[in-house]
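[1] Fold the following and give me the result.
(2 chains)
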2 protein chains.
Amino acid sequence: MSAQAEHPTLLIPGPIEFDDAVLSAMSHFGESHVGAPFVTVFGDTLTQLRSLFQSTDPTAQPFVISGSGTLGWDQVAANLTQPGDQILVLHTGYFADSFADCLSAYGAVPTQLKAPIGSRPSLSEIEAALTEKPYKIITITHVDTSTGVLSDVKAIADLVHRVSPQTLIVVDAVCSAGCEPIAFDAWGLDVVLTASQKAIGCPAGLSILMTSGRAIAAFENRTSPPAAYFASWANWLPIMRAYEAKKPMYFATPSPQLVRALHVSLTQILSKPLEERFAVHAAASKKIKQAVAALGLKQLAAREEDQANGMTAIWLPEGIAPPDVLPKILARGVVFAGGLHRECATRYIRIGHMGVSVTDPKRGDADKAVKALGEALGEVGYKAPA
Amino acid sequence: MSAQAEHPTLLIPGPIEFDDAVLSAMSHFGESHVGAPFVTVFGDTLTQLRSLFQSTDPTAQPFVISGSGTLGWDQVAANLTQPGDQILVLHTGYFADSFADCLSAYGAVPTQLKAPIGSRPSLSEIEAALTEKPYKIITITHVDTSTGVLSDVKAIADLVHRVSPQTLIVVDAVCSAGCEPIAFDAWGLDVVLTASQKAIGCPAGLSILMTSGRAIAAFENRTSPPAAYFASWANWLPIMRAYEAKKPMYFATPSPQLVRALHVSLTQILSKPLEERFAVHAAASKKIKQAVAALGLKQLAAREEDQANGMTAIWLPEGIAPPDVLPKILARGVVFAGGLHRECATRYIRIGHMGVSVTDPKRGDADKAVKALGEALGEVGYKAPA
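    Numbers count the residues shown, from 1 in each chain, chains lettered A, B, ... in the order given. Have a look, this model is predicted:
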């Protein structure tokens, strides 16, 4: 039973379908951003993020700021880099280019380590890059939303700790937090940045970060002030600490409705073991990927170990473009996304399978997706190989 | 008849009480940020902002970005200033100090022209400052939320055009857009920056800007790239133009729910003549200020021409502090705000009277506010002079 109006099932790699209770929190009545009811909810939400990222280190620090996932890049660039700092950017798609652009905007010097479309830099390539010169930061896109390529964050973090222990490890988890395992403390990460509207299951509008004590120390030891104001941790750090201690403090007005929605979503997520959530996402992903293969289609991420669990990026058959099939898929009540990678956007489509669409089996969203894809392709004359 | 749960009436200077239809839009189902339904709504919303700011100049450009009002300062600093640029900041309270901090973070050089608490720099003081040296930008806080001081934007703009025509005019309208007249074209303004959660009547989470063709040209003629990424118009300008032309384009994921809520609120605001809306706010403000005076209380803004129409900041009687009365006011079902000005926060309180609280007379919010204030003061032993 849904309180939501009839609508096409949203199966793009974010925003996703949202739970009724989450959407209901979005319409919470106006309240003071420094009043006790909201301060309590915001404080609890910050503490919940520690659990989501499997962190118990008291020096770690979560941030929730109005914005989008992109603002997380600015937070990293403005607070952790100074002009001329060398940054190693692991490239698995569109979002590494953009993160590199962001770093450059603040005067840092990104070096991109690129892999062919659909794959990821190997550990030996990363090791070679790290030993070539000292890097202040390495950035990893956990799942690149443009390609559906999954990075092995744990293995990369282990490598960095071994060969370049002074390098801060920054993970772009916009398309992974909430559907791929992230063990912030155990893996020794320094920043995990994400957004609300994907596997975290809350409407868009929040930049969400987890930062290590080491990252905060690096910030505090800067020799120049942060090169931004709204993105500056100098402004937000006292605020986040105050709210988590259930004390109001003002820098800029947060969005009580979005934070309440995030709180509801995180409460749902944390009500079950996280491993169970990740396993459900992995199982749904496997099922969809098998169906895609049965249709004779290939993913951008060719190797199984490179494939994300919350989305699938699929090459269209020769001669078929996204505008040929997406409207036919929509006519079947399902919304997929077109391509996004600059070099091949017109040759593939993307399916998102995160949040309630996979955790609530009654919805049948995965089956609906596969059926709509097969039918739409059939309608444009494509026949799966026997 | 309200769909909202019973709750204390929120009469702080933002966030405010929201209309049911606006809150209902907040819980809109998940949808694609590049899908036709949302693209249409976002495009219409941008066009509505032109009407809100009384602008028909096709070279003017509205922006709506996830963030808070504060992000508007970063947009000005990152896009319109370069290191060393001289900025004249008119100071009428807390928010000028913060805007100046933001400008400094980007390397601009703010000079603050300060007035005593509760008043504003005079036109002759502003003229003297403007003729002393050339300023790239002048910033005006239309209503400083910390003091309730209203600036005469039209008169200042006329002065700037006369004595320093090359200076860009930037108006912080966070606490004025939607309740104080702003004639963007007629007054020759270059940037009006605001937020969603005050008199515009949409929950917090959006940075809203109106920019002139001259401001955009100044941005395009920069000799260095914008010193930010998320706040950069280089990234957002093509996006805003595309959406207003009803074409999808991607930079960072907007919040469909917040944009839909803004659309509903602007549709309501624009369904009546704007002059009527401003007159209703002025009348409600006058009534509240008269009641405050009848209680023997003084405003921070002593002179009538300095007083905002959407809020009132009131000195508490000697010996009474905000924590003495705010809980007693809350016990009467009304939420006021404490002080915010760094030099005197513990000596005054603030009442917000914007949006549905004044446009819907059936709510009786203004009467409730005045009654609660008088009773709470009586309870702590205050007697109004006969």
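[2] The helix or strand where A:V264 lies packs against which elements?
    Using DSSP states H and E, the element containing A:V264 is helix A:256-270. Packing contacts for helix A:256-270, counted by 3 or more C-beta pairs under 8 Å, 6 or more residues apart in numbering or on different chains; DSSP states H and E, involve helix A:20-26, helix A:36-52, strand A:61-66, strand A:206-211. In short, each C-beta sits where N, CA and C put it, glycine included.
[3] Show me which residues of the stretch 251-386 of chain A sit near chain B.
    Neighbours of chain B within the stretch 251-386 of chain A, by C-beta under 8 Å from any C-beta of the partner chain: A:F251, A:A252, A:T253, A:P254, A:S255, A:P256, A:Q257, A:L258, A:V335, A:A337, A:L340.
[4] hmm, back to that, also compute the angle for the helix holding A:V264 relative to strand B:61-66, please.
    Relative orientation of helix A:256-270 versus strand B:61-66 (axes from the mean of the first three to the mean of the last three C-alpha atoms, to 10 degrees): 30 degrees.
[5] any residues touching the following helix or strand past helix A:256-270, and which ones?
    On the C-terminal side of helix A:256-270, the closest following helix or strand by DSSP H and E is helix A:274-294. If you take C-beta atoms under 8 Å, 6 or more residues apart in numbering or on different chains as the criterion, helix A:274-294 is touched by A:52, A:54, A:178-181, A:199, A:269, A:299, A:307-310, A:312, A:314, A:351, A:353-354, A:358-359, A:366, A:369-370, A:373-374, A:384.
[6] could I get stretch A:67-78 in PDB with only the CA atoms?
    What follows is stretch A:67-78, C-alpha atoms only, in PDB (Å, rounded to 0.1, in the frame of the first residue of the first chain):
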ATOM      1  CA  GLY A  67      24.000  20.600  -1.600                       C
ATOM      2  CA  SER A  68      24.600  17.600  -3.900                       C
ATOM      3  CA  GLY A  69      27.300  14.900  -4.100                       C
ATOM      4  CA  THR A  70      29.400  17.300  -6.200                       C
ATOM      5  CA  LEU A  71      29.800  19.600  -3.100                       C
ATOM      6  CA  GLY A  72      31.700  16.700  -1.500                       C
ATOM      7  CA  TRP A  73      34.500  17.200  -4.100                       C
ATOM      8  CA  ASP A  74      34.600  20.900  -3.200                       C
ATOM      9  CA  GLN A  75      34.900  20.000   0.400                       C
ATOM     10  CA  VAL A  76      37.800  17.700  -0.300                       C
ATOM     11  CA  ALA A  77      39.500  20.300  -2.600                       C
ATOM     12  CA  ALA A  78      38.900  23.300  -0.400                       C
END
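[7] Does chain B have contacts with it?
    Yes: using C-beta under 8 Å from any C-beta, we find that stretch A:67-78 touches chain B at A:G67, A:S68, A:G69, A:T70, A:L71, A:W73, A:D74, A:A77, A:A78.
[8] Mark which of those are part of helices, please.
    The helices, defined by DSSP state H, take in A:G69, A:T70, A:L71, A:W73, A:D74, A:A77, A:A78 from the residues of stretch A:67-78 next to chain B.
[9] all helices for chain A, in order.
    Going by DSSP H, chain A shows helices at A:20-26, A:36-52, A:69-80, A:94-105, A:123-132, A:153-163, A:213-220, A:233-244, A:256-270, A:274-294, A:322-331, A:356-359, A:365-379.
[10] So which of the ones you listed is the most surrounded?
    For the helices of chain A, the largest average neighbour count (mean count of other C-beta atoms under 10 Å in any protein chain shown) is found in helix A:69-80, namely a mean of 28.
[11] could you give the angle of that helix to helix B:94-105?
    70 degrees.
[12] Packing partners of helix A:69-80?
    Using 3+ C-beta pairs under 8 Å, 6+ apart, the elements in contact with helix A:69-80 are strand A:61-66, helix A:94-105, strand A:137-141, strand A:168-172, strand A:191-195, strand A:206-211, helix A:213-220.
[13] Now distance to chain B and mean pLDDT too, for those, in a markdown table please.
    Below are the helices and strands packed on helix A:69-80 laid out as a markdown table (distance: least, C-beta to the nearest C-beta, whole Å; pLDDT from 0 to 100):
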| stretch | distance to chain B | mean pLDDT |
| --- | --- | --- |
| strand A:61-66 | 5 | 98 |
| helix A:94-105 | 4 | 98 |
| strand A:137-141 | 14 | 98 |
| strand A:168-172 | 13 | 98 |
| strand A:191-195 | 7 | 98 |
| strand A:206-211 | 8 | 98 |
| helix A:213-220 | 14 | 98 |
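[14] would you list these in JSON lines and tack on distance to A:T47?
    JSON lines is the format used below for these (distance: least, C-beta to C-beta, whole Å):
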{"stretch": "strand A:61-66", "distance to A:T47": "8"}
{"stretch": "helix A:94-105", "distance to A:T47": "28"}
{"stretch": "strand A:137-141", "distance to A:T47": "26"}
{"stretch": "strand A:168-172", "distance to A:T47": "21"}
{"stretch": "strand A:191-195", "distance to A:T47": "16"}
{"stretch": "strand A:206-211", "distance to A:T47": "12"}
{"stretch": "helix A:213-220", "distance to A:T47": "16"}
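[15] from memory A:S224 sits against A:Q82, does it?
    Yes: contact criterion C-beta atoms under 8 Å: A:S224 and A:Q82 qualify, at 5.7 Å.
[16] With neighbour numbers in mind, choose between the two.
    Of the pair A:S224 and A:Q82, A:Q82 is the one with more neighbours under other C-beta atoms under 10 Å in any protein chain shown, namely 14 against 7.
[17] Return the backbone torsion pair for the more buried one.
    When read as degrees, to the nearest 10, the backbone of A:Q82 gives phi -130, psi 160.
[18] got a list of what it touches?
    A:G107, A:A108, A:R222, A:T223, A:S224.
[19] Next: A:V153.
    Counting by C-beta under 8 Å, 6+ apart, A:V153 has contacts A:I140, A:H142, A:V171, A:I182, A:W187, A:L189.
[20] With A:R222 instead?
    The contact partners of A:R222, taken as C-beta under 8 Å, 6+ apart, are A:N79, A:Q82.
[21] Quick check: pLDDT value at it.
    At A:R222, the model reports a pLDDT of 97.
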